[in-house]
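In: no FASTA, just this:
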């Protein structure tokens, strides 16, 4: 199960939003969604065991946007962060 989503970041113009997924001993196998201005960008994360992993979601936006990432099954989300995409 996903415990938290942290370190949400992006390099302007890269087309990627990066983040760290922290899981419990059961790991995770779930869909993650990034919401940018009402548009959803999705990826799937599979992790075995407890720990953290670096992940990314591709997007097609540019400029300043408020980003929130949601782990669909665990219902855990990142804190909203404003990024220059």
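Out: Happy to help now that I have it. As the structure is a computational prediction, the values presented were derived from the model and not from experiment. Numbering: from 1, shown residues only.
In: got the contact list for residue 74?
Out: Residues near residue 74 by CB atoms under 8 Å, 6 or more residues apart in numbering: 1-3, 28, 30. All C-beta spots, glycine's among them, are computed from the backbone N, C-alpha and C.
In: apart from its chain neighbours, what residue comes closest to the residue minimising distance to the centre of the chain?
Out: Most central in the chain under CA atoms, centre = their mean is residue 69, positioned 4.3 Å from the mean C-alpha point. In this structure, residue 69 finds its nearest non-sequential neighbour in residue 78, 4.4 Å apart by CB to CB, 6 or more residues apart in numbering.
In: the one you found reaches residue 17, doesn't it?
Out: No. Contact criterion CB atoms under 8 Å: residue 78 and residue 17 do not qualify, at 10.0 Å.
In: circling back to that earlier point, look up how far residue 30 lies from the residue nearest to the centre of the chain.
Out: 12 Å (CB to CB, to the nearest Å).
In: sorry, back to before: compare residue 78 and residue 17 (neighbour count), which wins?
Out: More crowded of residue 78 and residue 17, by other CB atoms under 10 Å: residue 17, with 25 against 20.
In: name the SS class of the more buried one, please.
Out: strand (DSSP: H, G, I helix; E, B strand; the rest coil).
In: is it true that it touches residue 69?
Out: Yes. In this structure residue 17 lies within contact range of residue 69 using CB under 8 Å: 7.5 Å.
In: quick check: neighbours shared by these two?
Out: With CB under 8 Å, 6+ apart as the test, residue 17 and residue 69 both reach 8, 34, 57.
In: now those as a markdown table including neighbour count?
Out: Below are the shared contacts of residue 17 and residue 69 laid out as a markdown table (neighbours: other CB atoms under 10 Å):
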| residue | neighbour count |
| --- | --- |
| 8 | 19 |
| 34 | 24 |
| 57 | 22 |
